[in-house]
Structure formats: structure tokens, C-alpha cells
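# When you get a sec, could you give me coordinates for this:
(2 chains)
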Amino acid sequence: MENKKEAISFEVTHVCKQTGARTGILHTPHGDVKTPMFMPVGTLATVKFLSPEEIKEIGSGVILANTYHCWLRPGEDVVQAAGGLQKFMRYDGPMLTDSGGFQVFSLADSRKIKEEGVYFKSHIDGSPLFLSPEKSIEIQNALGADIIMSFDECPPYPATYEYMKNSVERTLRWAKRGKEAHKNPETQALFGIVQGGEYEDLRKYSAEELVKIGFPGYSIGGTSVGESKETMYKMIDYAVKYLPKESVKYLMGVGSTDAILEGVLRGIDMFDCVLPTRIARHGALMTSEGRVNIKKVQYKKDFTPIDKECDCYACKNYTKAYIHHLYRCNEGLGMRLMSIHNLRYLIRLTEQIREAIEQDRFGDFKDEFFKKMNLNSVDSRGF
RNA sequence: GGGGAGGUAGCGAAGAGGCUAAACGCGACUGACUGUAACUCAGUUCCCUUUGGGUUCGACAGUUCGAAUCUGUCCCUCCCCA
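Model (predicted):
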């Protein structure tokens, strides 16, 4: 049941007659954004190498920051004193903070999970840290993003049924505790996170219990942690099936082109991923003709843009030869141009997806894309 | 003309009698990267029919069971003094 006014609201604007995939608008305190969307990740209150103007220019709707990382540096008190994340980083668009739940997974070697929360060792200096649902929400309240996330355990894959069941139950208790600790639901929307690994009954249980607690948006976690694409798609189906149709759905940590397409087909509205920015920094560019490894000598004298079909700042103004040179010399401008390009590539993909949905031909669009990129729906890299 | 240093795989550079087909760095090549401990990580980089074989450390000739490493001659580079 609806209680107080929530910080965000979501409206479905069109459902593709061909596939059932949908477009929508997410209303946030920092503006409206169209879905399906891809959200660039800016862990430390910065999308690595990009200025706010550049982030805007690529057409991104929402950007992420991370609770764990911002807590350690610069400290949520600093961000709060600055007037919140947006003011601090001079970015006026919508933002989302992840809860630190992913660090429960990624920093697994130096952490211990207990009912009360998670004991970490700082990845910076090894000092002891403790993050709980309450603490995570408190930090996120101070950081002030439009959307904040429940503190969850992102369990490893594979995990036994027994482990997953305990984890899901604990994550549900944490979700409840987080919601109770949340101080400003009218300016920050707290999302719940469905877990349960590959087990349908656990995903169902997780989703239904979260809905009982009640959140303005739901996300699907525990994906892209080593499982096959086929398994991931099942995980999505198992979760989406038991979530309210009208609620906004966020698939966490997924950003390969094939998975975005498959996710949209299954009802996902939001995606985020470090993939485009990370592989950009590593010299891999996503293009309409597949992956371009800019470091190859073959680009030394290639004076054409990264992608002829791309409208990004890098493609409109620079050549592969120049970016190749910058990459080889480890120059920051190279990192920047490559990041801009990959992000724009994915965001442009979501624009095309929206258009296709509105024209009721998303199925065709997806098939054509897979065919063109030589992907198959179950086992593909998609960059 | 006198004195000195040196020539090692694409480049730089270790190695000073067997454990060396030769460390390491760069360069080159492959691959990975999915709610960012990530401008990172892994593998390959003398040749071949590659769990093995062949040919290497300026050239040639020696010493030795064994030489990139020791000896001789030659070729070439660099530095200092005239």
C-alpha cells in the first residue's frame, strides 16, 4: 500500500506489442529520465576520467557512486558538508548510491559476515571496519543520492542451496532494518534487492518478501558473478516474475550489450556496469563492428574515427591513430576519450532500444543486433 | 698517436666456466575484465614437425668433459688526453 510521498515515481510509457518490453520515465528529485537506461558507474564520486559536462553530453540519465568507497574517502561527512554528492562533484543529474553490498562480495578475502553486519578490513590500509544495514543507510542518507540501495549480501556463485537460503533470509532482515533506518524517504528512494542465486523458490521468496516490506523500486542482485548467461537470464526471470509489473526494475552490475538486450526483453528498466569504462581504460572499444583493441599496431596510422556510426565527442573529433598513440603513451586524454566513447555506445544502444520498443519492433531490433554482432542469445560475450 | 670502456634475443640491460635458450624492463602479440582494491591482470615473444629437437650471446681460431662466461687474433662502437 502507498504511504507517504516517495522520492521517485515510475511510469510505464509504452509496452512493445511484439515482445512486452517496455519504456518508461523515472521521475527523480534531480529530473526525469527515460528507461530502459544504462547508468555509468562513478564509484568514488567520479566517473573515472570524465567531467560532469562530459557525463551529461553522452546522455546518461543516472550515475552511481559507492557507499563503501565514499565512506572511506573522503568520508560521508565531507560529502554532506559539501551539500550532498551532486553539489560535491558538481553534477546536477540524478544519482544512485550502491550500498556496499557488492563489496561484501568483491572484498570477500578480508571480510566476515555476521547477522549484525559485515566486518571488513579496509582495502586501503587494512584497518577494521564494520558496515551494517543501518550504517549503510546512514552513510547513504548523508551522501544524499536520489536512489539508495539496501545493504545486501551479494553471494558468490555457485553457492549451495543451504548457503543461499540463509543469505537470502539475512538479506531480507537487513532490508527491513535498512528501511526502518532510512531517514528521508521523501528525497531519497530506497530500493530493495532480490537475491536467491539460481534457485527459483529463493528468488520468489526474496522478491515476495521484499514486496511485503514495500520499496519504491526493486533491483536484482547476485548476477554477473561468474554464472553463465543462460543462468543469469533465468535468475532475472525468477525475480521479475514475482515483482509488481508497474514497479521499476534494476538489474545490478550488468552492462554487456547482449545482457542488456536480454534484460530489457525480460522487463528490466535500469542497468549499471563498470564494464564500458573499465575496458575503455584497458584499450577495448565497443563499436558497431565489434570490439576494437586500440593498442594494436594496425591502428597506428588509422586516421578514421573509432566508430563511423557513433556521434560521441571522441568519434566526432579524434582518430584511431591519435587515440592509439594516447593509449600507448598512457595519457589521460586517451582514457577519457575511450571512456566517453564506450559509455556513449551503450547509452546510444539504450536510446535505440527505447525507439524500437516504441515502434513495437524490439524483437526485430534485438535479433538484428545479435545477428550483426555475431552473438547468440545464450552464450556470448557481447563485449 | 697515448690511455680507458664496451659489443648479449626487436630495443635497453643482467649474467663472469656446468643449475643458461639466457634474469629483468620496454616494445610486440593473445586473452580477460560485468552493483570498480582495476590507467589492472594472465599468457606468449631465437627457429622447428614443440612433455621433443635445432641453432645462439661481434667474427674466427683455441683451452676445457663442458664456454655468453677463459685465451689469441681480427672487426666494430664509445669516452678521455694529445
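# Buried ones in stretch A:200-215, by neighbour count?
A:200, A:202, A:203, A:204, A:205, A:206, A:207, A:209, A:210, A:211, A:215 (16 or more other CB atoms under 10 Å). Where you see a C-beta, it was placed from the backbone N, CA and C, and this is true even at glycine.
# my guess is the third one meets residue A:235, correct?
Yes - taking contacts as CB atoms under 8 Å, residue A:203 lies within contact range of residue A:235: 6.6 Å.
# Give the residues shared as contacts by these two.
A:196, A:197 (CB atoms under 8 Å, 6 or more residues apart in numbering).
# Among the buried residues of stretch A:200-215, which ones are in helices?
A:200, A:202, A:203, A:204, A:205, A:206, A:207, A:209, A:210, A:211 (DSSP state H).
# Columns distance to RNA strand B on top of these, output as a markdown table?
Putting these into a markdown table (distance: CB to the nearest atom of the strand, whole Å) gives the following:
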| residue | distance to RNA strand B |
| --- | --- |
| A:200 | 18 |
| A:202 | 14 |
| A:203 | 13 |
| A:204 | 18 |
| A:205 | 17 |
| A:206 | 12 |
| A:207 | 15 |
| A:209 | 16 |
| A:210 | 12 |
| A:211 | 17 |
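# can you put the residues you listed in JSON lines and add pLDDT and distance to residue A:339?
What follows is these, written out as JSON lines (pLDDT from 0 to 100; distance: CB to CB, whole Å):
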{"residue": "A:200", "pLDDT": "97", "distance to residue A:339": "38"}
{"residue": "A:202", "pLDDT": "98", "distance to residue A:339": "37"}
{"residue": "A:203", "pLDDT": "98", "distance to residue A:339": "34"}
{"residue": "A:204", "pLDDT": "98", "distance to residue A:339": "38"}
{"residue": "A:205", "pLDDT": "98", "distance to residue A:339": "39"}
{"residue": "A:206", "pLDDT": "98", "distance to residue A:339": "34"}
{"residue": "A:207", "pLDDT": "98", "distance to residue A:339": "34"}
{"residue": "A:209", "pLDDT": "98", "distance to residue A:339": "39"}
{"residue": "A:210", "pLDDT": "98", "distance to residue A:339": "34"}
{"residue": "A:211", "pLDDT": "98", "distance to residue A:339": "37"}
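# Pick the one among those closest to residue A:44.
Closest approach between those and residue A:44, by CB to CB: residue A:210, at 28.8 Å.
# Quick check: beta-bridge partners of the closest residue to that closest one other than its chain neighbours?
Among residues not flanking residue A:210 along the chain, residue A:192 sits closest, at 3.9 Å (CB to CB, 6 or more residues apart in numbering). Beta-bridge pairing for residue A:192 (DSSP bridges): residue A:218.
# Tell me who's in contact with residue A:192.
A:150, A:175, A:210, A:213, A:215, A:217, A:218, A:219.
# pLDDT value on it, please?
Residue A:192 is assigned 98 on the pLDDT scale.
# Tell me how many other residues crowd the residue of the stretch 101-250 of chain A found nearest RNA strand B.
Closest to RNA strand B within the stretch 101-250 of chain A is residue A:154: 2.2 Å, counting by CB to the nearest atom of the strand. Counted with other CB atoms under 10 Å, residues neighbouring residue A:154 total 25.
# try residue A:381
12.
# Next, give phi and psi for the nearest residue to it once chain neighbours are set aside.
The shortest distance from residue A:381 to any non-neighbouring residue, by CB to CB, 6+ apart, is to residue A:256 (6.8 Å). Residue A:256 adopts backbone torsions of phi -80, psi 150, taken as degrees, to the nearest 10.
# now residue A:256: how far from RNA strand B?
4 Å (CB to the nearest atom of the strand, to the nearest Å).
# ok, now which ones touch residue A:327?
By CB under 8 Å, 6+ apart, the neighbours of residue A:327 are A:283, A:294, A:295, A:334, A:338.
# Out of these, which are close to RNA strand B?
A:283, A:295 (CB under 7 Å from any atom of the strand).
# coming back round to it: hmm, residue A:219 and the residue of the stretch 101-250 of chain A closest to RNA strand B touching each other?
No - the criterion here is CB under 8 Å, and residue A:154 misses it with residue A:219 at 11.1 Å.
# Now the residue sitting furthest away from the middle of chain A: closest residue in space that isn't a chain neighbour?
Of all residues in chain A, residue A:301 has its C-alpha farthest from the mean position, at 35.9 Å, by CA atoms, centre = their mean. In space, residue A:301 comes closest to residue A:321 once its chain neighbours are excluded; the distance is 5.6 Å by CB to CB, 6+ apart.
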